[in-house]
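A.B. asks: Please find the sequence and the predicted model below.
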Amino acid sequence: MSSGLSRRQFCVVTGAGIVAGACGAKSGDGDGGVRDLAVARDLAASVDMADPTCPVNNKLDAGPTTKFAVGEATFFVCSHVYVLRDAGGLYAMSSACTHEGCDVTFAAATHDFECPCHQSLFDFNGAVTMLPAVTPLPHYAVSRDASGHLIVDLGNEVPAATRLSVQD
């Protein structure tokens, strides 16, 4: 087993280092304080290196449409998006709370989404049911590719009622 970085890990860490350098991070600040490129480490830590479903060109391959059951919400950490299915079909929405951007968590027992930062609540379709958030969670376009995989277009917001019809 290799103890080196994977290609993805290398690219993320290298990119984070470039960003940190551009932001002025340095190893010493001249007054005895040390800033050890914390920006680069934080940036690298925010990407789940084991998640093979990180978006490429703003497109997330969420896998086969058959893996999503009615009433379930599947979270894709790297993309900050949920893929959901209801009686109308499949859809995708942002996991970022519209109040201050914290990732909301799915409460399966109540079929709603809760923000851990300020306790905003959203229903299964992303509509606000409890303040402080006042804006619903954005939805993204979804389609099926030739192999039957669900593709989420993170650069294309759609109305909340938009669904991809699926027959299992």
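C.D. replies: Alright, I've got the coordinates.
A.B. asks: Run through this protein and note the low-pLDDT ranges.
C.D. replies: 1-53, 168 (pLDDT under 70).
A.B. asks: so where do the strands sit in the chain?
C.D. replies: 59-64, 73-76, 81-86, 89-94, 105-107, 112-114, 121-122, 128-130, 139-144, 149-158 (DSSP state E).
A.B. asks: And those strands: which comes nearest residue 167?
C.D. replies: For those, the distance to residue 167 is smallest for strand 89-94, at 9.5 Å, taking CB to CB. Glycine gets a C-beta too; all of them are placed from N, C-alpha and C.
A.B. asks: now what about the closest one, what contacts it?
C.D. replies: 60, 62, 65, 68, 80-85, 125-126, 137-142, 150, 152, 160, 162-166 (CB atoms under 8 Å, 6 or more residues apart in numbering).
A.B. asks: swap in stretch 63-71?
C.D. replies: With CB under 8 Å, 6+ apart as the test, stretch 63-71 has contacts from 53, 62, 74, 83-87, 90, 111, 124, 144, 148-150, 164, 166, 168.
A.B. asks: what's the first-to-last distance across stretch 126-134?
C.D. replies: For stretch 126-134, the first-to-last residue distance is 11 Å (CA to CA, to the nearest Å).
A.B. asks: Name the residues that touch that stretch?
C.D. replies: For stretch 126-134, contacts defined as CB under 8 Å, 6+ apart pick out 93-94, 97-99, 112-113, 115, 118-123, 135-139, 160.
A.B. asks: what does stretch 144-158 give?
C.D. replies: Here stretch 144-158 has contacts from 55, 58-66, 68, 79, 81, 83, 90, 92, 138-143, 164, 166, using CB under 8 Å, 6+ apart.
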